[in-house]
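1. show me the folded form of this:
(2 chains)
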Amino acid sequence: MNTKKTLSAEARRKTILSVVLAVICVIYVLPAVAVVINSFKLNTFVKTDTFALPTGEMYAGFDNFIKGMTFGNYPFAKSVLYSVVITVLSTALILLCTSMAAWYIARVNSFFCKVIYFLCVFSMVVPFQMVMFTLSKTANTVRLFGFWGPLLNTPWTIPIIYLGFGAGLAIFMFVGFVKSIPLEIEEAAAIDGCGPLRTYFSVVVPMLKPTMVSVGILEIMWVWNDFLLPYLVLDKNLYRTIPIHIQYLKGSYGTVDLGATMALILLSIIPVIVFYLTCQKHIIKGVAAGAVKG
Amino acid sequence: MNKKKITNSNSIRRSTRRWGLFFLGPVVAAFTIGFVWPFVQGIWLSMCSFKTISNAKFIGLDNYAKAFSDVGFRHAFWYTALFAIVSLVLINVLAFAVAYALTQGIKGSNLYRTVFFMPNLIGGIVLGYIWSMIFDGVLSWYNTSILLESKYGFWGLIILMCWQQIGYMMIIYIAGLQNVPGEMLEAARIDGATRWQTLFKVTIPNVMPSITICMFLSLTNGFKLFDQNLALTAGQPFIIQPGGATIKTTEMLALNIFNTFNASGASSQGVAQAKAVVFFVLVAGLGLLQLGYTRKKEVQQ
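-> Below is the predicted model:
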């Protein structure tokens, strides 16, 4: 009798919790819904009837999307391209270089390695504002091969800046993981005749894969959404990433086409959501792993 | 046997060491360009008066004096501190509540978790514009706008940050809650503890590490906030003081530094760099505080 009563109380408690969560969930989705409905609405009605469905005279069809494509005298497709190029190149470069460096630091552990590791950990607590001015000036003077080659202020060379400024967290996470791998595996590889290069690429890298996924996710999320670094480093007349493009649309001139802006925002969110839904498990794991650094 | 093994791993270490340039070179080069050099140069320039970097002239601590006497900077500091503390409390209480609810074995927990985390993947600029549309949509019923009153800007930014960060903190709290030993909860139940007693006496002490991490994360996130601040209000509304100085009422520290760099005054870039150094000391101080705190906790355990 008694257990039955507590059971039903438990069930009621769970129902109440479910309802509360469902309500919060709906509130959570509303902003996204607002973006969708306003991207199909005529510009003049976005401000006055933000929460109305785009019906009747308010309905703009796909006009906002078409207008948005060439909005602000800059083709949206170009900023998508630059965002993809910068994100892919930066993430690949960071994963390759920092995992190599982290393995070397963890295994050789000389004085120089310790200094580099300390500086990397230190760089994690330095806010970007501290270096933003000097970093953008550096990117405008340093060339890819020292004094020769392209400057570091193009979408193809900015990954080097990302590697430099973002190395801290990646090195920190990789070193932590490499230290947990037993040395015996690499010793066995060495006894079988592997040099350091082969040991690293055919023995260590496969073991690093889960950490690579975590670090990769964190870097993708950072670089894709980053606004200030590319804003300060790139030549904004030529190269605009998606965040820069959207900031230009809203931030510059007096009259803003809100409908077209919302259409572009919708277009820029869709790939992110697809990415999230397909790699959800890895993303949440990566975020949890990255949070530990604090 | 043991001795042989040591020499073996030593010889591996030696042969690996020769590859230093290959393994370490790219990161060290990029790290120097992307962090070390700009950092050192930044400290130096904060004590200089300059128009371009090549003609910088050492002027001691003048820039710092100017930075601290800047009304806008002081306002931004208090505004940021207030924002960081309010958002810290709200985000953590709500995120913990949601995480606690989601670990009670309710149907559809995974779906809720997916939805709550989603805003984290959207960039600050885009988030700012989405919410500025929503707030203006609501405030237009009262014939006002988020840009017209600083209290709207403040609470608007708080709502935005809650929407974005609750999901993130929730993930960390869920991980912590799942690590609370089941036997402990059962023992508490058998001893007749009420639900609230169990929560405050068993669960919360066990997730203390997660709470510490989340609190520091939301505090430093609040201090470093830039994109959302720029996109939502960009400091508006402005108040012009009797003395002629303009205070941007919703401008936070990072945005204040950014605007000072872009200002056209003769020595503003040196002052901006000095402000950036102060900002760095503040944020790094919080980071070190956390490091010390977590270390101490780890020793105790």
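
2. the residue of chain A found nearest chain B: which element?
-> Closest approach between chain A and chain B, counting by C-beta to the nearest C-beta: A:Gly164, at 1.8 Å. C-beta here means a position set from N, CA and C on the backbone, and glycine is covered the same way. Element membership of A:Gly164, judged by DSSP states H and E, is helix A:158-180.

3. helices and strands around that helix, which ones?
-> Packing partners of helix A:158-180 (3 or more C-beta pairs under 8 Å, 6 or more residues apart in numbering or on different chains; DSSP states H and E): helix A:76-108, helix A:111-123, helix A:128-139, helix A:205-225, helix A:228-233, helix A:280-291, helix B:20-31.

4. can you do 10 Å?
-> Secondary-structure packing of helix A:158-180 (3 or more C-beta pairs under 10 Å, 6 or more residues apart in numbering or on different chains; DSSP states H and E): helix A:76-108, helix A:111-123, helix A:128-139, helix A:205-225, helix A:228-233, helix A:280-291, helix B:20-31, helix B:37-45.

5. what's the nearest residue to the most centrally placed residue in chain A if we skip its chain neighbours?
-> Most central in chain A under C-alpha atoms, centre = their mean is A:Met221, positioned 1.4 Å from the mean C-alpha point. Closest residue to A:Met221 apart from its sequence neighbours, by C-beta to C-beta, 6 or more residues apart in numbering or on different chains: B:Leu121 at 6.2 Å.

6. contacting residues around that neighbour?
-> A:217, A:220-221, A:224-225, A:269, A:272-273, A:275-276, A:283, A:287, B:164, B:167 (C-beta atoms under 10 Å, 6 or more residues apart in numbering or on different chains).

7. CSV for those residues, including distance to B:Ala263?
-> Output for the contacts of B:Leu121, formatted as CSV (distance: C-beta to C-beta, whole Å):
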residue, distance to B:Ala263
A:Ile217, 38
A:Ile220, 34
A:Met221, 32
A:Trp224, 30
A:Asn225, 27
A:Ile269, 34
A:Val272, 34
A:Ile273, 39
A:Phe275, 39
A:Tyr276, 39
A:Ile283, 39
A:Val287, 37
B:Gln164, 29
B:Gly167, 37
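
8. show me how to select, in ChimeraX, the buried members of those.
-> Buried members of the contacts of B:Leu121, defined by 16 or more other C-beta atoms under 10 Å in any protein chain shown, are picked up in ChimeraX with:
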select /A:217,220,221,224,225,269,272,275,276,283,287 /B:164,167
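
9. low-confidence ranges, chain A, go.
-> For chain A, applying pLDDT under 70 flags the ranges A:1-7, A:146, A:251-255, A:291-294.

10. make it 50
-> Counting by pLDDT under 50, chain A has low-confidence residues at A:1, A:293-294.

11. outline the domain layout of it.
-> Domains of chain A are assigned by automatic domain parsing as A:30-61, A:73-291.

12. tell me which of those domains sits most buried.
-> domain A:73-291 (a mean of 19; mean count of other C-beta atoms under 10 Å in any protein chain shown).

13. I figured the residue of chain A closest to chain B hits A:Ala170, correct?
-> No. Checked against C-beta atoms under 10 Å, the pair A:Gly164 and A:Ala170 is beyond contact range at 11.3 Å.

14. need the contact list for the closest residue to A:Asn225 other than its chain neighbours.
-> Excluding the flanking residues, the one nearest A:Asn225 by C-beta to C-beta, 6+ apart is B:Gly123, at 3.1 Å. Contact analysis of B:Gly123 by C-beta under 10 Å, 6+ apart lists A:221-222, A:224-227, A:241-243, A:246, A:268-269, A:272, B:227-228, B:231.

15. cool, A:Ile181 as well?
-> Residues near A:Ile181 by C-beta under 10 Å, 6+ apart: A:Trp103, A:Ala106, A:Arg107, A:Val203, A:Val204, A:Met207, A:Leu208.

16. with A:Pro210 instead?
-> A:Phe177, A:His282, A:Lys285, A:Gly286, A:Ala289.

17. ok, 8 Å please
-> A:Pro210 sits next to no residue when contact means C-beta atoms under 8 Å, 6 or more residues apart in numbering or on different chains.

18. one more: A:Ile273?
-> B:Met118, B:Leu121.

19. okay, angle between the host helix or strand of it and helix A:205-225 too, please.
-> Assessed by DSSP H and E, A:Ile273 sits inside helix A:258-278. If you take axes from the mean of the first three to the mean of the last three C-alpha atoms, to 10 degrees, helix A:258-278 sits at 170 degrees to helix A:205-225.

20. tell me the buried residues in the helix or strand encompassing A:Ser18?
-> Per DSSP H and E, A:Ser18 falls inside helix A:2-39. By 16+ other C-beta under 10 Å, the buried positions in helix A:2-39 come out as A:Ser18, A:Leu21, A:Ile24, A:Cys25, A:Tyr28, A:Pro31, A:Ala32, A:Ala34, A:Val35, A:Ile37, A:Asn38, A:Ser39.

21. with distance to chain B added, can I get those in JSON lines?
-> As requested, those are exported to JSON lines (distance: C-beta to the nearest C-beta, whole Å):
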{"residue": "A:Ser18", "distance to chain B": "5"}
{"residue": "A:Leu21", "distance to chain B": "5"}
{"residue": "A:Ile24", "distance to chain B": "7"}
{"residue": "A:Cys25", "distance to chain B": "5"}
{"residue": "A:Tyr28", "distance to chain B": "5"}
{"residue": "A:Pro31", "distance to chain B": "5"}
{"residue": "A:Ala32", "distance to chain B": "8"}
{"residue": "A:Ala34", "distance to chain B": "6"}
{"residue": "A:Val35", "distance to chain B": "6"}
{"residue": "A:Ile37", "distance to chain B": "11"}
{"residue": "A:Asn38", "distance to chain B": "7"}
{"residue": "A:Ser39", "distance to chain B": "11"}
